[in-house]
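Q: Return atomic coordinates for the entry below.
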Amino acid sequence: MTKFTFIHAADLHLDCPFSGVGRVSPEAAELLYRATFDAFENLVGLCIEKHASFLLLAGDLFEHEGKSLRALFRFRAGVEKLDRHGIATLCVHGNHDPPSGASGALLDAPGLFTFPTDRVAERIIEKDGAPLARVRGMSYASREEGRNLVSLFPPNDGRLFTVGLVHANAGGVADHANYAPCLASELDGRCDYWALGHVHQRRVISEEPYAVYPGNTQARSIREPGPRGCYVAEVEAGRVRSLAFAPLDAVRWENLEVDILGCRNAEEATEAAAELVAEARHEAGDRPLCCRVTLAGRTAAYRELAKPGMGPEIRDALADRTADRKPLVWVEEVAVSTAPLLDMDALAADTGLVGALFSIAAEIAASPGDGPPPFVEDALADLFSDKKMPKELAELSRDEALSLLTKARNLCAELLSEDAP
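A: Predicted coordinates for the structure are as follows:
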């Protein structure tokens with residue numbers, strides 16, 4: 001059988017706005033806005049570089065169901081470029097871009113095949129007139145697709161390398177809407193390779209058969225740190241012989257945690273943060289870096305760093321140091337999650353007031369439920385009832401509430417400790 005290469009990408013989310021870009025310069029804001037388009041151009045370039053036989057796009061090509069003209073024409077230009085190089089593009093609609101109105105007509109581009117919504121369709125990829133691979137796929141009919149699309153795929157007859165292209169939540173992946181749900185076991189026996197979309201974190205669910213989420217091509221916020229891109233699959237003798245991740249992101253997002261154990265003051269903590277940001281910038285290569293920095297660990301500078309406004313102050317100091325860097329380095333936020341230089345285990349075992357403090361904090365943290373512990377509503381009722389308070393401040397997540405609890409416990413522990421000055 002002929003060797004060939006195909007590329008599997010998903011969740012391009014073209015025209016997706018970045019959150020929080022109002023805090024950066026207009027130049028940086030434009031750079032961030034272009035990121036999803038630039039990542040798509042990187043994808044097109046990679047297909048050409050690898051001499052791919054075809055490109056698979058597993059849904060959510062666009063951020064919005066309406067599909068802006070800018071996004072549609074940029075996408076069409078990329079598909080036409082691939083077609084000129086003899087590379088077919090096959091795609092399905094997902095929950096962000098279900099078929100809709102006249103905007104869908106512009107997707108009728110040379111070299112593009114979009115799978116229908118009412119059945120599993122099949123497309124044979126040929127090379128020099130001979131069948132190379134069979135791609136089967138099915139699109140969403142509506143934004144909230146409740147059908148098990150995978151169950152509609154026919155059994156694999158084994159006569160031709162078969163790919164299944166679908167936007168689905170396979171195996172009930174947490175933190176993602178359960179659209180087109182299916183069991184991981186249902187993937188077996190239907191295709192040689194499942195090109196999946198919807199889950200933004202890349203993962204290989206299985207290798208027999210291959211069932212793969214490539215993740216999104218461009219992170220959209222700090223909640224999606226690390227490299228983003230696609231998978232390059234090489235097929236020989238009807239089997240995937242190699243599968244390699246290729247980064248495509250035009251802007252890299254990272255969560256950076258700085259251990260400041262040896263830092264004696266805020267200045268030294270800032271220096272440690274700057275060093276870590278520089279390392280992350282180097283690892284990001286020639287692409288812009290957006291990051292959130294967390295100062296963590298036990299430190300003699302705990303009291304100084306716990307002062308209100310210290311996080312933004314350090315962020316501004318880091319911004320000054322990176323203002324002239326090319327490509328862009330943007331520190332979105334500096335969070336302080338430190339502890340005093342105290343023996344926490346010994347304090348927790350104390351039989352006096354400090355031990356009681358730890359016991360109460362532990363009891364609150366262990367309270368059942370997914371939302372914030374009950375203490376939040378009781379302790380902050382007067383604050384949140386003030387009409388001048390932004391609504392968002394009253395909508396603390398459980399993690400945010402527990403972080404506040406830990407900070408309060410540590411500050412009280414230091415004040416009550418005999419070691420406190």
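Q: Let's test this: name the helix or strand in this protein with the lowest mean pLDDT.
A: Ranking every helix and strand in the chain by mean pLDDT, DSSP states H and E puts helix 381-384 at the bottom, with a mean of 64.
Q: Let me know the next secondary structure element after that one.
A: For helix 381-384, the following helix or strand on the C-terminal side (DSSP states H and E) is helix 398-416.
Q: Just the buried residues of that next one, please?
A: Buried residues in helix 398-416, counting neighbours by 16 or more other Cβ atoms under 10 Å, are found at 401-402, 404-405, 409-410, 413-414. C-betas here are computed from N, CA, C, even on glycine.
Q: Quick one: list the elements packing against it.
A: For helix 398-416, the packing partners by 3 or more Cβ pairs under 8 Å, 6 or more residues apart in numbering; DSSP states H and E come out as helix 302-305, strand 329-340, helix 353-365, helix 374-379.
Q: Just send those back as a markdown table, with mean neighbour count, distance to residue 295 and mean pLDDT too.
A: Converted to a markdown table, the helices and strands packed on helix 398-416 look like this (neighbours: other Cβ atoms under 10 Å; distance: least, Cβ to Cβ, whole Å; pLDDT from 0 to 100):
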| stretch | mean neighbour count | distance to residue 295 | mean pLDDT |
| --- | --- | --- | --- |
| helix 302-305 | 18 | 6 | 90 |
| strand 329-340 | 20 | 5 | 89 |
| helix 353-365 | 15 | 21 | 81 |
| helix 374-379 | 15 | 24 | 67 |
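Q: picking that back up, save the buried residues of helix 398-416 as TSV, and put in distance to residue 167 and pLDDT too.
A: Output for those, formatted as TSV (distance: Cβ to Cβ, whole Å; pLDDT from 0 to 100):
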residue	distance to residue 167	pLDDT
401	34	77
402	34	75
404	38	75
405	39	78
409	44	81
410	45	78
413	49	76
414	51	73
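Q: just those now: which is nearest residue 334?
A: Of all these, residue 334 sits closest to residue 404, with 16.8 Å by Cβ to Cβ.
Q: on that earlier part again, can you say which of the helices and strands packed on helix 398-416 is nearest to residue 17?
A: Of all these, it is strand 329-340 that lies closest to residue 17, at 14.9 Å by Cβ to Cβ.
Q: Name the next helix or strand downstream of that closest one, please.
A: That would be, after strand 329-340 and using DSSP H and E, helix 344-348.
Q: tell me the average confidence for that next one?
A: On average, the pLDDT along helix 344-348 is 75.
Q: Same check on stretch 177-196?
A: pLDDT averaged over stretch 177-196 gives 89.
Q: Could you pull out the buried residues of whichever strand or helix holds residue 38?
A: Under the criterion of DSSP H and E, residue 38 resides in helix 35-49. Neighbour-count burial for helix 35-49 flags 35-44, 46-47 (criterion: 16+ other Cβ under 10 Å).
Q: Next: stretch 4-21.
A: Buried residues in stretch 4-21, counted by 16+ other Cβ under 10 Å: 4, 6-16, 18, 21.
Q: want to try JSON lines for those residues, with distance to residue 95 and secondary structure as columns?
A: Listed next are the buried residues of stretch 4-21 as JSON lines, based on distance: Cβ to Cβ, whole Å; DSSP: H, G, I helix; E, B strand; the rest coil:
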{"residue": "4", "distance to residue 95": "31", "secondary structure": "strand"}
{"residue": "6", "distance to residue 95": "24", "secondary structure": "strand"}
{"residue": "7", "distance to residue 95": "23", "secondary structure": "strand"}
{"residue": "8", "distance to residue 95": "19", "secondary structure": "strand"}
{"residue": "9", "distance to residue 95": "17", "secondary structure": "strand"}
{"residue": "10", "distance to residue 95": "12", "secondary structure": "strand"}
{"residue": "11", "distance to residue 95": "10", "secondary structure": "coil"}
{"residue": "12", "distance to residue 95": "14", "secondary structure": "coil"}
{"residue": "13", "distance to residue 95": "11", "secondary structure": "coil"}
{"residue": "14", "distance to residue 95": "15", "secondary structure": "strand"}
{"residue": "15", "distance to residue 95": "16", "secondary structure": "coil"}
{"residue": "16", "distance to residue 95": "14", "secondary structure": "coil"}
{"residue": "18", "distance to residue 95": "20", "secondary structure": "coil"}
{"residue": "21", "distance to residue 95": "24", "secondary structure": "helix"}
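Q: Pick the one among those closest to residue 202.
A: Of all the buried residues of stretch 4-21, residue 202 sits closest to residue 10, with 9.5 Å by Cβ to Cβ.
Q: I'd say that closest one and residue 218 touch.
A: No - between residue 10 and residue 218 there is no contact, the gap being 11.6 Å when judged by Cβ atoms under 8 Å.
Q: ok, of the buried residues of helix 35-49, which one's closest to residue 262?
A: Proximity of the buried residues of helix 35-49 to residue 262 (Cβ to Cβ) peaks at residue 35, which lies at 36.4 Å.
Q: that older thread, which one of the helices and strands packed on helix 398-416 lies nearest to residue 236?
A: Set against residue 236 and scored by Cβ to Cβ, the helices and strands packed on helix 398-416 come closest in strand 329-340, at 42.3 Å.
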